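Engineer: just a sequence and a predicted model for now, questions to come.
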Amino acid sequence: MQRSTLGLVNIVSTTKRRTIMAEFLSLHDAVARYVEDGATVAMEGFTHLIPFAAGHEVIRQKKRDLTLIRMTPDLVYDQLIGAGCVKKLIFSWGGNPGVGSLHRLRDAVEKGWPHKIEILEHSHAAMACAFEAGAAGLPLAVLRGYVGSELPNVNDQIKFIECPFTGERLAAVPSIRPDVSVVHAQKADRKGNVLVEGIIGVQKEAVMAAKRSIVTVEEIVDDLNTHPNACVIPGWAISAVVVAEKGSAPSYAHGYYDRDNRFYKEWDAIARDRDAFTKWLEENVYNAGGQS
Amino acid sequence: MQRSTLGLVNIVSTTKRRTIMAEFLSLHDAVARYVEDGATVAMEGFTHLIPFAAGHEVIRQKKRDLTLIRMTPDLVYDQLIGAGCVKKLIFSWGGNPGVGSLHRLRDAVEKGWPHKIEILEHSHAAMACAFEAGAAGLPLAVLRGYVGSELPNVNDQIKFIECPFTGERLAAVPSIRPDVSVVHAQKADRKGNVLVEGIIGVQKEAVMAAKRSIVTVEEIVDDLNTHPNACVIPGWAISAVVVAEKGSAPSYAHGYYDRDNRFYKEWDAIARDRDAFTKWLEENVYNAGGQS
Amino acid sequence: MSLEYTSAEMMTVTAARALENGMTCFVGIGLPSEAANLARLTHAPEVVLIYESGTLQTKPDVLPLSIGDGELCESALTTVSVPEMFRYWLQGGHISVGFLGTAQIDRYANLNTTLIGDYHDPKVRLPGGGGAPEIATNAHEVFITLKHSKRTFVKDVDFVTTLGFGRDGKGRDGVPNIGKGPTRVITDLCVMKPDPETKELVVVSLHPGVSREDVIEATGWEIRFADQLESTPEPSAHELEVLRELKDRTDRKHAGEV
Amino acid sequence: MSLEYTSAEMMTVTAARALENGMTCFVGIGLPSEAANLARLTHAPEVVLIYESGTLQTKPDVLPLSIGDGELCESALTTVSVPEMFRYWLQGGHISVGFLGTAQIDRYANLNTTLIGDYHDPKVRLPGGGGAPEIATNAHEVFITLKHSKRTFVKDVDFVTTLGFGRDGKGRDGVPNIGKGPTRVITDLCVMKPDPETKELVVVSLHPGVSREDVIEATGWEIRFADQLESTPEPSAHELEVLRELKDRTDRKHAGEV
């Protein structure tokens, strides 16, 4: 009778296995424990709170064959792709925001450097709904989407269903359920409860949709000291909480530091050239201790 | 070319019709303008912020043949039903919370007093999803629900669909799209932007799912003075904002006044008896000016 | 030393003991709420209580009268919308125990909170399903607590509002992504668990001073008893003290005295 | 008095003028964002700007580099999650105008931001769809702004990322719950609108100093001109001043000087 018949996404607190609070781990240990070669990983943060420190740790630990999910791959996935960690990318907008291309992504897709990667692309609306459906434990998301777009021709995960009440044709996509999600947030309390504030993106959905989750934070505080309806993720819904100060730079943390727009512009030149990129990676990631 | 082909739920700001901000109206005028006989009306607020003042105004204006939607009918719908305003009730839990029955609802269903009403009942999960889907402009909500329940036998609006990705059988219900939604909130600023705080229920969803909406508030302030991710409904997504001080009593307004649990208990005796109820209604609603 | 306590107190204390630190419990109003808060105030301070009003990890000082009293929000870690509560937290698989009361329960632990009699011509119209239908299927397991009587414990419920194990005990067989269902029923007379094979409720423990005959007389079907029938441990003085103080505080608050 | 201005400034000012007080505008990053904020800082202070990052009714002091710069959140009425933004606000029907840029556009105003060449062996891989596919169908109407060239204005886009009127101009016919689609395209040379019948883009207004030949040479299909071809009004001194100050503030901020 103790055998669980439960196949739900999130394996939390059953009578056999309980989590009172998230475990506090070092960045090294959290990535070593939860990001396995071949895993499906979502590192989220919509422009804001992008988990760069964790991404760099994944590069340092030379994780391979990852399927990376992210609405906006941004620089962090450009770096992971260029470093050779990635087998497949699931995304909806792959540019350097306001600047131009992600040259490492393009080099991988167009020229196969450092190796060819598979891509599966969606629209933002579909990915946002797919994260939402993953958090809600559903196998699919339904949206009024992809009307007239040719994306369904190149993404066989996009299907269409008929509403049983109105007959309307609606798009359906599989929900997103990563093996592990990694997000950055402002702060956690001593039980691992996490506050995300400002542009909250799909952070909460990413954590709740995943089997395991790592949340890096700027600091640990005694009291989150927040308002009743803040975006707080309870510690018992998180696998590991990691302190990573400036953990989202050159992205930003609302209330802590600004987006380094200058670096985003400089990245264009760095990433355009394989050698310049390799040198940057060497200096700023491989040889950059635990944090970067 | 100006003919809109758009059939979406919320008719806001098209090039032909624009709303810069909600209109400030008296309670009388808002109800008179937007709650028509025969309309489908959702008055929401999950235990907290129940729009009693607006409900009483609907009774005073002797609106008839309303289809009322509400997850928890609570005392406000008991009163509307007893007052003869209601043709049909769509709900998911019809009790006096922590006390017992809603006697006016029971009297209408069991004995047809003051007249027989139709009921259509759901579970909370289905109604919450149906409000959410209504806010999202979708015709249906999909949930893992009603498994093994006999509610689908008595509610023909509950259907089942097959997930095109996993084959799982999931429940589907039509989204909720009221003609008008009425909610109460703490405060509005001078542009009609509204702050809802505390137990936020399905308030925002109710407003966004409806064709028209009335929001009653405790007060108008210069500045909502709130945090980045508060539950704020922009004035341009609301039809009318109405000042109704103590507008949710005997329910409550977080930060303003507490739930009158004693009255909820007293209601049991009042509502049990048709004469006691009629007398209460006379004294506390019909003869109670604009506010009550 | 023998303690004096009522059968209602015995029920609440026994129900409270079913909860443990680290469980996330989706709490029904009334008896489940009383038991869950007693657990939190005694042996399980780290039990996570969640109410369908959106209040996550709440620690009320007095028992809420409704599922959405202000006390629940004020003492919660955070409060989310009701759609989020049902979608992300319950359906998302984050609830280890759904703790429910009911008006009627049958031998397969199906619950009826809809009505007595015929649906289209009810003898007694009950409040309806509320959160229960999906709590019972989406929580990893379900505890049920209610007073024992022939009126409440019936062979077949008039209406299956909420699935226990179905009208034949096989209602969960082969259903994907469904919780274990009711794993214990706690009454003022005894504790019952479903038979591992047939899923029929079986008495596994009698409360002190309660006889088999008492249970048989209060149950609307031929109730079975476990071979190893146990005696439920008595409430401790501490549990009774905490429970009585909690109820006193609650009564004073709801009478408007505080 | 004749003002000096660039063709890029002419484009931005003309695009800005398309917005009016009381519109809710879902703003794309880059040129649309520049135009939308110019509108807000000049003739349309009450235009409601919404970015897909979740920032509702935002009033940034400098132009964001990304769609989610901190400035957008700090000056917003409120900030919601990205799923809420796409579900409640866009799909829920609250957006009057979607304001988009693009890499390629064709004669039926279909947009390509996916790639040049063949999908499985791209010559140039572009960023992808982002919010555009659903903005274009769920907003009540769509404005598009981009620089005019034979490379960007092509007869048929390599890939329809985002629906204009489809490859035959009939892509919206009979589709329920869909917006009007692109109602104007603003370039550095002219303003185009879809023909009411065929939906093919037609030049309705030439910017000062631009000839029909300039437009013909910069367009990858046999572009048509309206019978009543208008001349786009020049930017005012005030508009140019506000735009230049906005861009200066922005450049200084993004260079890290502020």
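Structural biologist: Ah, there it is. Here the structure is a predicted model, which means the values were calculated and not measured.
Engineer: can you pull out the helices in the chain?
Structural biologist: By default, I'm working from chain A. Taking DSSP state H as the criterion, chain A contains helices spanning A:27-34, A:52-60, A:74-82, A:103-106, A:124-135, A:151-154, A:203-209, A:261-272, A:274-281.
Engineer: wrong one, chain C
Structural biologist: Using DSSP H, helices in chain C cover C:7-17, C:31-41, C:70-74, C:82-84, C:132-138, C:212-217, C:237-254.
Engineer: mean neighbour count added to these, as a markdown table?
Structural biologist: Any C-beta I mention is one placed from the backbone N, CA and C, and that applies to glycine too. Below are the helices of chain C laid out as a markdown table (neighbours: other Cβ atoms under 10 Å in any protein chain shown):
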| stretch | mean neighbour count |
| --- | --- |
| helix C:7-17 | 23 |
| helix C:31-41 | 25 |
| helix C:70-74 | 23 |
| helix C:82-84 | 26 |
| helix C:132-138 | 29 |
| helix C:212-217 | 14 |
| helix C:237-254 | 16 |
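Engineer: by contact count, what packs against the strand ranked longest in chain C?
Structural biologist: Ranked by residue count and defined by DSSP state E, the top strand of chain C is strand C:224-231. Packed against strand C:224-231 by the contact rule (3 or more Cβ pairs under 8 Å, 6 or more residues apart in numbering or on different chains; DSSP states H and E) you find strand C:201-206.
Engineer: now the angle from the strand it packs on to strand C:224-231?
Structural biologist: 20 degrees (axes from the mean of the first three to the mean of the last three Cα atoms, to 10 degrees).
Engineer: follow-up on the earlier one: what's the closest of the helices of chain C to B:Y77?
Structural biologist: helix C:82-84 (17.0 Å; Cβ to Cβ).
Engineer: do the closest one and chain B meet at all?
Structural biologist: Yes. Judged by Cβ under 8 Å from any Cβ of the partner chain, helix C:82-84 and chain B are in contact via C:82-83.
Engineer: do the same with stretch C:156-171
Structural biologist: Yes. Using Cβ under 8 Å from any Cβ, stretch C:156-171 reaches chain B at C:159-163, C:166, C:171.
Engineer: I'd assumed C:P182 was in contact with C:A18.
Structural biologist: No. Under the criterion of Cβ atoms under 8 Å, C:A18 is not in contact with C:P182, lying 11.6 Å apart.
Engineer: if I look at these two, which residues touch both of them?
Structural biologist: Any residue near both C:A18 and C:P182 by Cβ atoms under 8 Å, 6 or more residues apart in numbering or on different chains counts here, and that gives C:F143.
Engineer: who has more neighbours out of the two?
Structural biologist: C:P182 (27 against 20; other Cβ atoms under 10 Å in any protein chain shown).
Engineer: the helices of chain A: which one's closest to chain B?
Structural biologist: Evaluated with Cβ to the nearest Cβ, these place helix A:124-135 nearest to chain B, the distance being 8.6 Å.
Engineer: any regions of the chain where pLDDT drops low?
Structural biologist: I went with chain A, as the question did not name one. A:1-21, A:289-292 (pLDDT under 70).
Engineer: my bad, the chain I had in mind was chain C
Structural biologist: In chain C, residues with pLDDT under 70: C:1-2, C:257-258.
Engineer: on that earlier part again, B:L120: which of the helices of chain A is closest?
Structural biologist: helix A:124-135 (26.4 Å).
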